[in-house]
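Visitor: A predicted structure for the sequence below; I have some questions about it.
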Amino acid sequence: MPPLTLTVFWALAGMAITGATLCITRRSPLASALWLVVTLFALAGLFVLLDAQFIGVLQVLVYAGAIMVLFLFVIMLLNLGRPGPSDLKGPVGGAVAALLAGTLLLQLGGVGSSGPPDVIRMPEGTVAALQREQGMVGAVARPLFDTYLIPFEITSILLLAAIVGAVVLAKRKL
Amino acid sequence: MTFFLIASLIKILAVFTVIMVGVALLTLAERRICAWMQDRLGPNRVGPQGLLQPAADGLKNIFKEETYPAQADKTLFVLAPAVSFIPALLTFAVIPFAAPLPTPWGQVSMVVADLPVGFLYILAISSLGVYGIVLAGWSSNNKYALLGGLRASAQMISYEIAMGMSTVAVLLLAGNVTLSQIIARQQDSLWFVLPLGLAFFIFIVAAFAETNRLPFDLPEAEGELIAGYHTEYSAMKFSMFYIAEYSNMVTASALMVTLFFGGWDIPFTNWDTTGPAEVLKTLATLAVFGFKTICFLFLYIWVRWTLPRFRYDQLMALGWKVMLPLALVYLTILATAIWILHTRLGWAYEARFAWALAGLNAGLAVVLFWFLDRGRLVSGSVETGSA
């Protein structure tokens, strides 16, 4: 990787990790939500570095722009913005969390030193060629609406069920 | 590489300056046009025709005392104006504003960044603008400001969906999300406002709602909420919200020009799109782009001083029960029409194709108007029976 790209990567990675840490340590729900927005933004930047501009933009559009705004909306509507009591579960909870985090870090270290497996690697320049040929959106849309059409449509049924459920729960009198 | 960096830097500075000066003049234009509509004079004392009024306002706001409400969340209170200001300026980066400029070092495209995801970038960044308003409302520790912030978040999300749906129609015809390609498609045939008239109608209504302008300025409805989300703001911070609102208007106008009115295309001639790049072409297309954008800005001001504000429930009902179903039905009809013309009849996209869609849109517009009107305006104004 060229040095400039590497610098940008580390800056974004640092931003994402800082944001995520602050998100889970802040007492105020509003501050947590805002740090989560920062994290999502940094992740979108990382997607752009990976040549996946479409995913990066969608990350901002859907998560930062719509879902997190709804989070803020609910926090403000219920007036939960002030810091509440801590929800840390005492020394036992801390020990379990440390154990899990340690395991995860060990596994990540293993993955980091060996690199990604050959199965999920594409030959050099595949993505660039695909995007030249079909455009940035086409490269994502074509497999989605062609090869994986049935799984994609099934996902929409899942979403529909969730919406119907939400309406039923929210409206007592139908 | 060096040339690219220098050219980009110059373009960024130029666009930034033009938008800031434009916003300043727009505040004056708004007051003068409003005065003209109400048969008054408006501000005309500072400089010739009041042209220096924005500078005077700016100076006043910089020197005013800044107040902080008691028990406000100070960090967020200071952050909020910046959060609403930055996305408003960022969105203009992907809009092409003139034909390429030839220089001794190579051709410079007249757009700050021609992103491959162009149009989606605008949707993404403009959806972030609401954070500034929401945070301002929440951090002020004022119930009216909070209500304004709540309204803003609900309104922006509701109308974002209708806006996104109406632009899907543009993407169907253009086949690409790059704004330069969308303009090129319109230069080859017709401006998209003809083949996609109803999409433009939906888009312009949603754009008014997204920029929080009358008749949709519920977040700052002064009759009920004092001044809404910026009630507690004073001096330059207050001004920042206004700059953000007006830059959003400029971007929305430029976007409407780009998506539906051919961008920097000069109508009825191919001189601007064919042949080698010339400085004269760049200047002429820049002027045409500016003129079209100013027309839409005037429309914004015109509508603001003409229409009354909606009630909040009317706003929500319009967004979810009219605009969204309308956009969905329109998309279905349009996609079917394009499929028939393109796949069954085998037409390539050219003038004939566009005119066929324009006819379809005219027919749909009549049906839509008949449905929305239902004898309220047209036949309502005709006297029935003997008085």
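Guide: Now that the structure is in, tell me what you want to look at.
Visitor: quick check: mean pLDDT across the helix or strand encompassing residue A:107?
Guide: Per DSSP states H and E: residue A:107 is located in helix A:90-114. Average pLDDT, helix A:90-114: 85.
Visitor: ditto for stretch B:182-198
Guide: Per-residue pLDDT over stretch B:182-198 has a mean of 81.
Visitor: Which other helices and strands does the helix or strand just after the helix holding residue A:107 contact?
Guide: Sequence order places helix A:126-145 as the next helix or strand after helix A:90-114, per DSSP H and E. Packing contacts for helix A:126-145, counted by 3 or more Cβ pairs under 8 Å, 6 or more residues apart in numbering or on different chains; DSSP states H and E, involve helix A:53-58. Using the backbone N, CA and C atoms, a C-beta is placed for each residue, glycine as well.
Visitor: Send me the helix or strand that the helix it packs on is followed by as PDB with only the CA atoms.
Guide: Downstream of helix A:53-58, the next assigned helix or strand under DSSP H and E is helix A:68-77. C-alpha atoms of helix A:68-77 as PDB (Å, rounded to 0.1, in the frame of the first residue of the first chain):
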ATOM      1  CA  MET A  68     -29.100   6.700  14.000                       C
ATOM      2  CA  VAL A  69     -31.400   9.600  13.500                       C
ATOM      3  CA  LEU A  70     -34.200   7.400  14.600                       C
ATOM      4  CA  PHE A  71     -32.200   6.400  17.700                       C
ATOM      5  CA  LEU A  72     -31.700  10.000  18.500                       C
ATOM      6  CA  PHE A  73     -35.400  10.600  17.900                       C
ATOM      7  CA  VAL A  74     -36.400   8.000  20.400                       C
ATOM      8  CA  ILE A  75     -33.800   9.200  23.000                       C
ATOM      9  CA  MET A  76     -35.100  12.700  22.700                       C
ATOM     10  CA  LEU A  77     -38.700  11.700  22.700                       C
END
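Visitor: quick check, helix A:68-77 touching chain B?
Guide: Yes. Residues of helix A:68-77 contacting chain B under Cβ under 8 Å from any Cβ of the partner chain: A:69, A:70, A:72, A:73, A:76, A:77.
Visitor: Taking these, tell me the two that lie furthest apart.
Guide: Greatest spatial distance among those (Cβ to Cβ): A:69 and A:77, at 12.2 Å.
Visitor: Who has more neighbours out of those two?
Guide: Between residue A:69 and residue A:77, residue A:69 has the larger neighbour count (other Cβ atoms under 10 Å in any protein chain shown), namely 23 against 12.
Visitor: The more buried one against residue B:130, yeah?
Guide: Yes. Shown here, residue A:69 and residue B:130 form a contact pair, counting by Cβ atoms under 8 Å, at 5.7 Å.
Visitor: list residues touching both of these two?
Guide: B:153, B:156, B:157 (Cβ atoms under 8 Å, 6 or more residues apart in numbering or on different chains).
Visitor: now, which of these sits nearest residue B:217?
Guide: residue B:156 (12.4 Å).
Visitor: Taking helix A:126-145 as reference, get the angle to the helix or strand harbouring that closest one.
Guide: Following DSSP H and E, one finds residue B:156 within helix B:143-174. The directions of helix B:143-174 and helix A:126-145 differ by 100 degrees, with axes from the mean of the first three to the mean of the last three Cα atoms, to 10 degrees as the criterion.
Visitor: any low-confidence regions in chain A?
Guide: Along chain A, the parts satisfying pLDDT under 70 run over A:1, A:81-88, A:174.
Visitor: In it, what residue lies closest to chain B?
Guide: Distance from chain B to each residue of chain A (Cβ to the nearest Cβ) is smallest for residue A:65, at 2.9 Å.
Visitor: Nothing else from me, thank you.
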